[in-house]
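Q: Fold the following and give me the result.
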Amino acid sequence: MTDKRRMHLTCLENVKFLHPVGMSTFRYGVTIPVEAQTERMRAIEKGGKVPVTILFDTVDPIVAEIRRLNNKPGHLQFRYENKAQERLRQYLLKVFGNSIEGSLLEVTEVAPFTFLFRPIARTSSPSLQISDILLHRLEQVEMERITEIGQIREALASVEYDAGFSQSEYNRRINEGLTNQGWNSERRVVQELGLKCDFEKNGIWVEVEFGNARSYYQDYVKFMLARKHRNARLGMLLCPMTSFSSLLCELGRERARKNAVRERPPVYSGMMSYEKAARELPFLGFMFEMPIIVAGVGVRG
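A: Numbering: from 1, shown residues only. Below is the predicted model of the structure:
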């Protein structure tokens, strides 16, 4: 494995997630989604806490803590409700002001237990974008020459982030953006088989995988079949970044809780992420003779 790829995989171990802004964001803290938690975080026991440094704006950082609540779910939270952290609370209140609904706070771990808080206010009209990318049998300069890749970027940029959108709604809007640019949707890979690829144009085959993490390997099977039977030039896998997928998972859990007719709330988990695909591609790549792009879909403020 090259040093560049090792560095890429190491970066994937750091935390990055999007937090929907609410009144609790200004008062005491931020909950860390289960999907975004690292081994270091999962090691914190109920009632336990660790000090963390939070960077924000251009002012001096503050020292806060990550705390594992002593409740039944054992929620993990950033806590900054004390007087020593008032500067952060005032900063968040000033930035978001009256634009709480639909605003996001991006939290990124820049060093072990050192985090950057970056506001994405609703007034900035956040939209989707390709936030990270991993190439197999393809150089960056070659990818930039492919017109269809630019069309995919444009289609994503046309999809606005909305706190109420489920994964199916994002899928629908991505479909609209690509088909409006002449992409074929639900393209059959082999006439005799039922397998279909989400999109195809000029030999570029694309799967948008916002679904279950255990089923995405089938996407690679489709690419290989398209290579053999359709003379595919390239396979491209679009997955949500963990920061984005955790938002979609939390929305799914909230809807499941509201619709639950039983006492025990249902479980909502297992969504695919770019980080999972990027970790696994170096081990699976020996099977793929064709160029493959794994792209992470995130939210741009």
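
Q: Check the protein and tell me which residue is nearest its centre.
A: Among the residues of the chain, Met241 comes closest to the average C-alpha position under CA atoms, centre = their mean, at 2.0 Å.

Q: Tell me who's in contact with it.
A: Met241 is in contact with Lys16, Ser131, Asp132, Ser273, Tyr274, Glu275, Gly296, Val297, Gly298, counting by CB atoms under 8 Å, 6 or more residues apart in numbering. Where you see a C-beta, it was placed from the backbone N, CA and C, and this is true even at glycine.

Q: which ones are touching Leu251?
A: For Leu251, the contact set (CB under 8 Å, 6+ apart) comprises Ala163, Gly164, Phe165, Ser166.

Q: From Glu144, how far out is it?
A: Taking CB to CB, to the nearest Å as the criterion, Leu251 is separated from Glu144 by 34 Å.

Q: Filter the contacts of Met241 down to the buried ones.
A: Lys16, Ser131, Asp132, Ser273, Tyr274, Glu275, Gly296, Val297, Gly298 (16 or more other CB atoms under 10 Å).

Q: In these, find the pair that's most separated.
A: Based on CB to CB, the longest span within the buried ones among the contacts of Met241 runs between Lys16 and Val297 and measures 13.4 Å.

Q: Show me the strands in the stretch 201-301 of the chain, by range?
A: All strands of the stretch 201-301 of the chain, identified by DSSP state E, counting those that start in this stretch, fall at 204-208, 234-240, 292-300.

Q: nearest to His136, of these?
A: Closest to His136 of the strands of the stretch 201-301 of the chain, according to CB to CB: strand 292-300, at 4.2 Å.

Q: and that closest one, what does it pack onto?
A: When contacts are defined as 3 or more CB pairs under 8 Å, 6 or more residues apart in numbering; DSSP states H and E, strand 292-300 packs onto strand 127-136, helix 147-157, strand 234-240, helix 242-259, helix 274-284.

Q: now the residue lying closest to Ile120 once chain neighbours are set aside: how far from Pro119?
A: For Ile120, the nearest residue in space outside its immediate sequence neighbours is Gly301; the separation is 3.5 Å by CB to CB, 6 or more residues apart in numbering. When distances are taken as CB to CB, Gly301 and Pro119 turn out to be 8 Å apart.

Q: quick one: common contacting residues for those two?
A: Overlap of the contact sets of Gly301 and Pro119 (by CB under 8 Å, 6+ apart) consists of Leu104, Glu106.

Q: Please consider this matter closed, and thank you.
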